[in-house]
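1. Okay, structure incoming, though there's no sequence with it:
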């Protein structure tokens, strides 16, 4: 069936280092959404990408949608403690348009 | 501020009990969803609803049912709770948009079935 794979599952970084998470879909997506879930919290929408090759920035966060609209990435520059949490990507299923979610990448700041 | 409210943050039930999880949204959204979240598995869709009294099965509906009698309320029912239904349950809502609308989530219910 249709899948969205997300890697890595965890990433440990020193504060100030960069962080990247990658999503790959088994099929072409009409759009991809990114969410952040803080520890103990619920997913909160960050952004949606729609166009092939699209790049969007939110302060230190850069989101990209691949040319083939099958992959996407989120890059955080110079991580801060406020960035800690799990980042999820999600894209609509072909069958019922409901979101299929990546497993998430947990960003952990090393003490 | 938009709000999706889940009735309980933590719930402990016994095997075989009937469990009701309630969700209310104040955004007049047509779409409502129930997900379960387990470590390493992401969010898995249990049921969703496009409108009052409408329901559709998601990816893992077995052992669950839902009810949507009013637009703002979507209930998840575990007819006979089992230990493998111990999980975080998240309710969400969205405007209609065929997979392109963002979801607003409730704070979640951590259900433990003993």
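-> That came through fine. Everything quoted here is computed from the prediction, not taken from an experiment.

2. ok, the nearest residue to residue B:58 once chain neighbours are set aside - how many residues close by?
-> Nearest residue to residue B:58, sequence neighbours excluded (Cβ to Cβ, 6 or more residues apart in numbering or on different chains): residue B:45, at 3.2 Å. Bear in mind the C-beta positions are built from the backbone N, C-alpha and C, glycine included. Residue B:45: 22 surrounding residues under other Cβ atoms under 10 Å in any protein chain shown.

3. where's residue B:45, which helix or strand?
-> strand B:42-49 (DSSP states H and E).

4. Run me through the strand neighbours of that strand, direction for each.
-> strand B:31-38 (antiparallel), strand B:56-57 (antiparallel) (DSSP bridges).

5. Outside of the shortest one itself, list whatever touches it.
-> Applying Cβ atoms under 8 Å, 6 or more residues apart in numbering or on different chains, the set of residues contacting strand B:56-57 from outside is A:96, B:47-50.

6. run the last query once more with 7 Å
-> With contacts defined as Cβ atoms under 7 Å, 6 or more residues apart in numbering or on different chains, strand B:56-57 is touched by A:96, B:47-49.

7. would CSV of those residues with pLDDT, neighbour count and distance to residue A:40 be doable?
-> CSV is the format used below for the contacts of strand B:56-57 (pLDDT from 0 to 100; neighbours: other Cβ atoms under 10 Å in any protein chain shown; distance: Cβ to Cβ, whole Å):
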residue, pLDDT, neighbour count, distance to residue A:40
A:96, 71, 15, 31
B:47, 96, 23, 25
B:48, 93, 24, 25
B:49, 93, 20, 27
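
8. Can you tell me how far the residue nearest to the spatial centre of chain A is from chain B?
-> For chain A, residue A:89 is the residue whose C-alpha lies nearest the centre (Cα atoms, centre = their mean; 4.1 Å). When distance is defined by Cβ to the nearest Cβ, to the nearest Å, residue A:89 is 9 Å away from chain B.

9. quick one, what contacts that residue?
-> With Cβ under 7 Å, 6+ apart, residue A:89 has these contacts: A:4, A:6, A:23, A:32, A:34, A:72, A:102.
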